[in-house]
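Q: what shape does this take:
(chains A and B)
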There are 2 protein chains.
Amino acid sequence: MSVYEAPVEEILFSMYDVNQFDSHYESFDLGKDVVTAILNEAAKFAEQDLFPLNATGDREGVKFVDGSVSPPSGFKEAYKKYVDGGWPSLAQPEHFGGQGLPSSLSTVILELWQSANQAWCMYSALGEGACETLLAYGSDNEKSLYLPKLISGTWTGTMCLTEAQAGSDLGLLRTKAEPADNGSYRIYGSKIFISSGDHDLSENIVHLVLARLPEAPEGSRGISLFVVPKYKVAGDGSLGERNQVYCGSVEHKMGLKGSATCVMNFDGAEGFLLGPPNRGLSCMFTFINKSRLGVAVQGLAQAEGAYQMSCTYASARLQGHSPCSSSSQGRYADPIAEQPDVQRMLLSQQVFCEGGRVLAHYCAKLVDQSHSSDKSIASYAGGLLSLLTPIAKGCLSEWGSEACDIGIQVFGGHGYIQEWGIEQRLRDVRITRIYEGTNGIQGLDLLGRKVLADGGVILERYLNEILEFSDECKPISKLAYLAEAMQKRVAEWQALNKEIFAQAGGKKGYIESISFDYLMYAGYITLAYQWLRIAKASAAHSSPSITIWKGQKLNAARFCFSNILPRSAAHREAIRIGSDTILNSVLAEQSVNTN
Amino acid sequence: MSVYEAPVEEILFSMYDVNQFDSHYESFDLGKDVVTAILNEAAKFAEQDLFPLNATGDREGVKFVDGSVSPPSGFKEAYKKYVDGGWPSLAQPEHFGGQGLPSSLSTVILELWQSANQAWCMYSALGEGACETLLAYGSDNEKSLYLPKLISGTWTGTMCLTEAQAGSDLGLLRTKAEPADNGSYRIYGSKIFISSGDHDLSENIVHLVLARLPEAPEGSRGISLFVVPKYKVAGDGSLGERNQVYCGSVEHKMGLKGSATCVMNFDGAEGFLLGPPNRGLSCMFTFINKSRLGVAVQGLAQAEGAYQMSCTYASARLQGHSPCSSSSQGRYADPIAEQPDVQRMLLSQQVFCEGGRVLAHYCAKLVDQSHSSDKSIASYAGGLLSLLTPIAKGCLSEWGSEACDIGIQVFGGHGYIQEWGIEQRLRDVRITRIYEGTNGIQGLDLLGRKVLADGGVILERYLNEILEFSDECKPISKLAYLAEAMQKRVAEWQALNKEIFAQAGGKKGYIESISFDYLMYAGYITLAYQWLRIAKASAAHSSPSITIWKGQKLNAARFCFSNILPRSAAHREAIRIGSDTILNSVLAEQSVNTN
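A: The predicted structure is shown next:
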C-alpha cells in the first residue's frame, strides 16, 4: 500500500498558475517546457530510485563498524546515479561547473527527493550549504579546489555546529583552532548530531566547522568558521592523507534511520579559516534562510507523501457504510474515503500539503529575486523572504508532522504497523520541527528579529499585499466571502500587532512568552492566503474538462477557512491573555533554582 | 535522564481534594490511610520493577520463534511479582478470590503501571475484560473453572475481535463456530491485532472470540461470543491438551514493541458459547466503558511520564540566558526551564496530565457508583459515565500524544535520540488514539449515541453541574473570572447544541462530518472544568507551607483557560461552518468511485 507518485501537475499548477513562474523565469530564459521535462526526469529518479529505498533504509539503518559508517543498501548506488544525472549541479554557478539554473528550481525539485526518501536526502543536501559558504567566503584558491567537486557531487559536505553542551546556544561551544605553520589550523574538539558526518557515498567529505581561535572573546562573538576535509587536498586537487577527523559513534534515532547522524571527533585535524576571524556565526547564517526553506520543503514533502498514501488506502479499504451512500448501490461495505470523518482528515492533509507547496514556491521565487541585479527588487524580496522563512520552516514542519500523524489515523490499526509505511513518515518528519533551529527559535526569530526589529515595516507591506490581493478576489462571486474573511483576519492581525508593540518594551520575557503562538498565528493566516491564491488561480484555470478539479480546489480552500484557519483565533487568544501565566511559571522556576 | 517517580501526592490530591473520595469510599469502608499504603506499594512496583524494563523492552521487542512468542527479558519475572503481590485481584469479587476493593482504585493504580511500562501492561490488562464478561455471561461451571485463575493472574486473557477485513466494522467478520458433540463449538478463522495473543507469562490464556454460528444473520446481528482457552481445561480445572489456536505471526509496530500483537489462527479450536447466540457484540460491549476508560488512563499516564522527563531535563539543561534572568546571577547559562517558551510547553503538559487525571478519577468514581445498589445513583452515574467515556478515551489519548510530542520538543535534538527515552513515549502512546475504537468512532459515539440519542438530556444535566459548580466558585475572588469564563463557554455549548439538534435530521452525513470536532470541543470545555475544580480544591487545601504549590495550581488553571481552552472556539467554528465542504468532498469521492 506504500505508494508515491511525483505530483508534477500539482507542482506546475503551483508554479505557473498560482506563483506566475512564467514571467519570473523569463529573465532566466527558461521555458515551461524545459521545466516540465526536468520535473518529469526528477520524478522518475524519485519514484524509481529513491522511493524503493525508503522503507528498506528505515529497517536496515546505518551500520557503524571499525570506525566507518555504512549507509543502508542501495544508498550509494542511488547517489552515484544522482551525480551521474547532474542533479547536484542544477542551480550552481556555471563558472564552477554548475548548470546555472535558478535556485528556485532546485527547491521545487527537492520536494520530490524528500517525499521519496528523506533519509537519503541527508547525504546529498548538505553539500549545498558548503558551496554557498565557500562561494561567499572562500579564497580563489579554496574555491577552485573545493567548488567543482562539491558542485558535481563527487564530494559532499557537512555542517559541524552542535556540541554536547552547545545546541540552540552556539555561544557555548568549545572546539578549538590552534594556528599551525602553513597558515592552517589544528582543530580539537567533539561535535554531535553531524548529519552525514561519515559515509562512503562520496570520495571526500568537506566539513565546515565552528571553532574558537586562541584568545577569542567568549560567547557567540568568538567563533570562527573552518573548512576541514576528511582527506587532505593537495594543491592540484588530488586527495592526500586522511585528516584527523573521525566518526566516534552514530546515533539511534526515532526516524531518519538511514541517515548517519554522527559524533565527529577532531583531534588536531588540519583546517583552514573561512571568512573573517570571530565572524563564524554570521558566515554560517548567510545561507540560513535557504537551509530553513529546505526544511520547510521536507515538511511539505512528507505531508504530500502521507496524503497520497492516505487517499490510496481510504479508497481501497472497505469498512461499514457511509451515511451518505444510497443503499441501492448494494456494496457490502463502502470505501472509508466516503466516511465524512475520513474526508475531514484527507482535506486537512490536502490543505497542509498543497497550501504548503504554494508557500514554499513563493519563498523559492523570493530567493531568486533576492539575488536580482535590480537592487530595489532584491531588497524587497529579501525583506519579505526573511519574514516568511521562519513561518515556512516552523509551520510547514508542524503541518508536515500533523499530516503524517493524520495519515496514521486514516490507516487505523494498520497505521501503527511498520509494514504499511505511514508511521515511518511521522518518525522521519518529526526532526524537522527541531533541526535548523527549533520551532521555538523560529518563533523568536519571527517576532523578535523580523517583526519587532524593523518596527513592523516589512510585515505591514506583506499584510497590504494580502489586502490588495483580496480586493482583486472580491468581484469573483465564488471567492467573495473568502476574500472578506481574509481581510477581516488581516485587520485582526494589524490590531494584534499594535497591542504587542505597545507592550513589547514592558515586562521582561513578554515577547518570548508569546512568540511561538505568534508564529502559528501568522502561519494559519498565511496558509489561508495561499488557499485564496489557489482558489483564484483554479477559477481562472483555462484547461477544459477540469470542472471537478476546480471544484475540489475551491472546496479545499473553503475547508481551510472553515476548519483550519479558526485555529488562528486560539493562538490570538493565547497571545493576548496567556503571557502572565507563563511568566509566573518562569519566576516560580527561578525561585526553585536559586533557593 | 529517563526518570519516573509515581506521583502519589498528586493522585491523592485528585482523589481526595478534588474528587471527594473520602465520602465516596465510606461505603467501601476504605480509609485514606489504607489507600495511601496501597498506592505507595504500587509506586514501588512501578518504579522498581516495571519502569526499568520499559526502555529495554522497547529495544529488545518480542521474539517469535518456532510458533512461540517470547516477550522481552524480565517481563515474565515482573509478571510473577505482580501476581505474587496480589495486584490482579485487587478489585475483583471476593467470591472468586478477589480482594473486593472498588473498581476505581484499580483504575487509579493503573496509571502507575502505564506510566512505568505501557507495553508490559498489555499482558496484564486484558484479563480484566475476560473476567467481566465471564462474570456477566458465564455459567456457574464456567465461572468456577475460569474466574479464580484469571482473577489471581495465573491465567491471562485476550479479546479476539478484529479480522483483516473487519476492524471498525465488526459486522464484516467471518470467523465461524461449528457445533460439536459435547456442547462445545469448533472455531475456524483468523484474527489480527490480538494483544498478548501468545506468550509464556501465564499458565494458560483465555481467548474471548467473536465468531458466527451456522446460518447466523449477516452483519453485526449474527455474531456470537466464545471462550477458547489456549490449553483445554478439564472439569477439575487442570490443564489438558493444547487447543487448536496458534499464533501465526507477530506485528512489527511503531511502538509498544514489548507487547505481542499477534495474528491468531483458529483451526477447529474448541470453544464454548458465552451469553446468548448472536448477541456477541453486545456481550462484548458490556465492559467497553471500562476498557475505554483504561485507554484514557494510558493517555494520562504517558502525559505524566513525558511531563516528568521534560521538567527534569529542562531544569538540568543549561543553554542561553532567560530573558527573565538577572545578569547578576553570573551563570554562564540558565536552565532552559527558565525560558518562557519552554515553560509554555511544560504548562501545556501539566494541564493535560493533571486535568486528565482529575477527569479519569471522576469517571472511575462514576464506574463505582454505576454499580450502586441505590438505583437512582446507579442510573445517574451510569448515564453521566456513558457521556464522559468517549470524551475521556478520545481526548486523553489525544492529549497524551500531544504531551509526549511536546516532550520531544523540550528535549530538542536529544528528543529525537532513542537513548533519552522520550520519543518512545510518543511511539507507545500513539496507539491509544486508535484501539478500543478510533477517536473518530469516539466522536460518533459521543454525538450520535450519547448526545443526540437521548435528546441531550444527560448532557444538559452535565452542563448544569458545571454551571452550578461555577456558581460556587464565583465568590472566591481568585476564581471569579475563571468561573465566569466557564459559564460563558457552557452557554455557548448549549447554543451550539440547539443549532446541531435543529440540523440533525437534515443533510445525510451532517452529524458524522462534525462529530470529531464536537468530541474535541466537548473535551476542551471538560478539561477547563476539571481545572476549575483543581483551582477550587487547591485554594481550599489546608496543608501548611504550600503557598507556592497553590499558586502553581491556580496559575496552571489560568493557563488552561488562556492557552488551551481557546481551542474550543476553533472546533466550534469548524462545527458551525465546516460540514458542507466535508460533505462536498464525500460526494466527489463517491462520483469518482461509481464512475
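Q: list the residues that contact the residue nearest to residue A:352 when sequence neighbours are not counted.
A: Using Cβ to Cβ, 6 or more residues apart in numbering or on different chains and skipping residues adjacent in sequence, the residue nearest residue A:352 is residue A:399, 3.9 Å away. To be clear about C-beta, it is placed using only N, CA and C from the backbone, and glycine gets the same treatment. Residues in contact with residue A:399 (Cβ atoms under 8 Å, 6 or more residues apart in numbering or on different chains) are A:299-300, A:303, A:352-353, A:356, A:523, A:527.
Q: filter those to the buried ones?
A: Applying a neighbour-count criterion of 16 or more other Cβ atoms under 10 Å in any protein chain shown, the buried members of those are A:299-300, A:303, A:352-353, A:356, A:523, A:527.
Q: in a markdown table: the residues you listed, plus pLDDT.
A: Shown next, in a markdown table, are those (pLDDT from 0 to 100):
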| residue | pLDDT |
| --- | --- |
| A:299 | 98 |
| A:300 | 98 |
| A:303 | 98 |
| A:352 | 98 |
| A:353 | 97 |
| A:356 | 98 |
| A:523 | 98 |
| A:527 | 98 |
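Q: what residues does the stretch 201-350 of chain A have near chain B?
A: For the stretch 201-350 of chain A, the residues in contact with chain B under the definition Cβ under 8 Å from any Cβ of the partner chain are A:251-255, A:315, A:318-320, A:322-325, A:329, A:332-333, A:335, A:337-344, A:346-347.
Q: hmm, 6 Å instead?
A: For the stretch 201-350 of chain A, the residues in contact with chain B (Cβ under 6 Å from any Cβ of the partner chain) are A:251-254, A:319-320, A:323-324, A:337-338, A:340-341, A:343-344, A:347.
Q: could you point out which element follows the lowest-mean-pLDDT helix or strand in chain A?
A: Scoring the helices and strands of chain A by mean pLDDT, DSSP states H and E places helix A:547-559 at the bottom, with a mean of 87. On the C-terminal side of helix A:547-559, the nearest following helix or strand under DSSP states H and E is helix A:567-577.
Q: now that next one: buried residues?
A: Applying a neighbour-count criterion of 16+ other Cβ under 10 Å, the buried positions in helix A:567-577 are A:567-575.
Q: would you mind putting those into TSV with pLDDT alongside?
A: Formatted as TSV, the entries for these read as follows, by pLDDT from 0 to 100:
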residue	pLDDT
A:567	98
A:568	98
A:569	97
A:570	98
A:571	98
A:572	98
A:573	98
A:574	98
A:575	98
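Q: these also near chain B: which ones?
A: Filtering those for proximity to chain B by Cβ under 6 Å from any Cβ leaves A:567, A:569-570, A:573-574.
Q: let me know the closest of those to residue B:513.
A: Comparing these against residue B:513 with Cβ to Cβ picks out residue A:567 as the nearest, at 18.2 Å.
Q: now the closest residue to chain B within the stretch 1-150 of chain A: how far from residue A:424?
A: In the stretch 1-150 of chain A, no residue comes nearer to chain B than residue A:59, which is 8.7 Å away by Cβ to the nearest Cβ. When distance is defined by Cβ to Cβ, to the nearest Å, residue A:59 is 9 Å away from residue A:424.
Q: related to what we said a few turns ago, which strand or helix spans the residue of the stretch 1-150 of chain A closest to chain B?
A: Secondary structure from DSSP H and E places residue A:59 in helix A:52-60.
Q: show residues contacting that helix.
A: Contacts to helix A:52-60, defined as Cβ atoms under 6 Å, 6 or more residues apart in numbering or on different chains, come from residues A:72, A:74, A:117, A:119, A:257-258, A:421, A:424.
Q: centre-most residue in chain A?
A: residue A:295 (1.6 Å; Cα atoms, centre = their mean).
Q: that one contacts residue A:432, doesn't it?
A: Yes - under the contact definition of Cβ atoms under 6 Å, residue A:295 touches residue A:432, with a separation of 5.1 Å.
Q: for the strand ranked longest in chain A, buried residues please.
A: The single longest strand within chain A, with elements called by DSSP state E, is strand A:261-274. Buried residues in strand A:261-274, counting neighbours by 16+ other Cβ under 10 Å, are found at A:261-266, A:269-274.
Q: re the thing from before, can you redo the buried residues of helix A:567-577 as CSV with distance to residue A:445?
A: Formatted as CSV, the entries for these read as follows, by distance: Cβ to Cβ, whole Å:
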residue, distance to residue A:445
A:567, 21
A:568, 19
A:569, 24
A:570, 22
A:571, 17
A:572, 20
A:573, 23
A:574, 19
A:575, 17
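Q: hmm, who's touching stretch A:218-237?
A: When contacts are defined by Cβ under 6 Å, 6+ apart, stretch A:218-237 is touched by residues A:145, A:171, A:177, A:187, A:204-213, A:216, A:239-243, A:245, A:269, A:271-275, A:277-278, A:280-281, A:283.
Q: buried subset of the residues you listed, written for ChimeraX?
A: Selecting in ChimeraX just the buried members of these, where the criterion is 16+ other Cβ under 10 Å, is done with this command:
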select /A:145,171,177,187,204,205,206,207,208,209,210,211,212,213,216,243,245,269,271,272,273,274,275,278,280,281,283
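Q: and the nearest residue to residue A:549 once chain neighbours are set aside, what element?
A: Leaving aside its chain neighbours, residue A:549 sits nearest to residue A:538 (7.4 Å; criterion: Cβ to Cβ, 6+ apart). Residue A:538 is part of helix A:510-540 when elements are defined by DSSP H and E.
Q: equivalent analysis for residue A:227, please.
A: strand A:224-229.
Q: okay but residue A:349 is in contact with residue A:403, surely?
A: Yes - the pair residue A:349 and residue A:403 passes the contact test of Cβ under 6 Å, sitting 4.5 Å apart.
Q: ok, back up a step: quick check: pLDDT value at the residue of the stretch 1-150 of chain A closest to chain B.
A: Among the per-residue scores, residue A:59 holds a pLDDT of 97.
Q: for it, give its distance to residue B:64.
A: If you go by Cβ to Cβ, the gap between residue A:59 and residue B:64 works out to 17 Å.
Q: ok, now residue A:534?
A: As for residue A:534, its distance to residue B:64 is 49 Å (criterion: Cβ to Cβ).
Q: more neighbours: those two, which one.
A: Looking at residue A:534 and residue B:64 with other Cβ atoms under 10 Å in any protein chain shown, you find the greater number of neighbours at residue A:534, namely 24 against 18.
Q: so what's the more buried one up against?
A: A:18, A:358, A:553.
Q: how many neighbours does the residue nearest to the second one when sequence neighbours are not counted have?
A: What sits nearest to residue A:358 in space, not counting adjacent residues and going by Cβ to Cβ, 6+ apart, is residue A:530, at 4.3 Å. By the other Cβ under 10 Å criterion, the neighbourhood of residue A:530 contains 24 residues.
Q: ok, residue A:530 touching residue A:357?
A: No - here residue A:530 does not reach residue A:357: they are 8.5 Å apart, not a contact under Cβ under 6 Å.
Q: as a check, name the ranges of all strands in chain A.
A: Under DSSP E, chain A gives strands at A:63-65, A:68-70, A:155-160, A:176-179, A:185-195, A:204-211, A:224-229, A:231-233, A:239-242, A:245-250, A:261-274.
Q: redo those strands as a markdown table? Include mean pLDDT and distance to residue B:128.
A: Rendered in a markdown table, the data for these read as follows (pLDDT from 0 to 100; distance: least, Cβ to Cβ, whole Å):
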| stretch | mean pLDDT | distance to residue B:128 |
| --- | --- | --- |
| strand A:63-65 | 96 | 44 |
| strand A:68-70 | 95 | 47 |
| strand A:155-160 | 95 | 52 |
| strand A:176-179 | 98 | 60 |
| strand A:185-195 | 97 | 44 |
| strand A:204-211 | 97 | 56 |
| strand A:224-229 | 97 | 60 |
| strand A:231-233 | 97 | 63 |
| strand A:239-242 | 96 | 61 |
| strand A:245-250 | 98 | 43 |
| strand A:261-274 | 97 | 42 |
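Q: for the ones you listed, could you give me a markdown table that also reports distance to residue B:2?
A: Formatted as a markdown table, the strands of chain A follow (distance: least, Cβ to Cβ, whole Å):
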| stretch | distance to residue B:2 |
| --- | --- |
| strand A:63-65 | 23 |
| strand A:68-70 | 27 |
| strand A:155-160 | 28 |
| strand A:176-179 | 33 |
| strand A:185-195 | 19 |
| strand A:204-211 | 30 |
| strand A:224-229 | 35 |
| strand A:231-233 | 39 |
| strand A:239-242 | 37 |
| strand A:245-250 | 19 |
| strand A:261-274 | 20 |
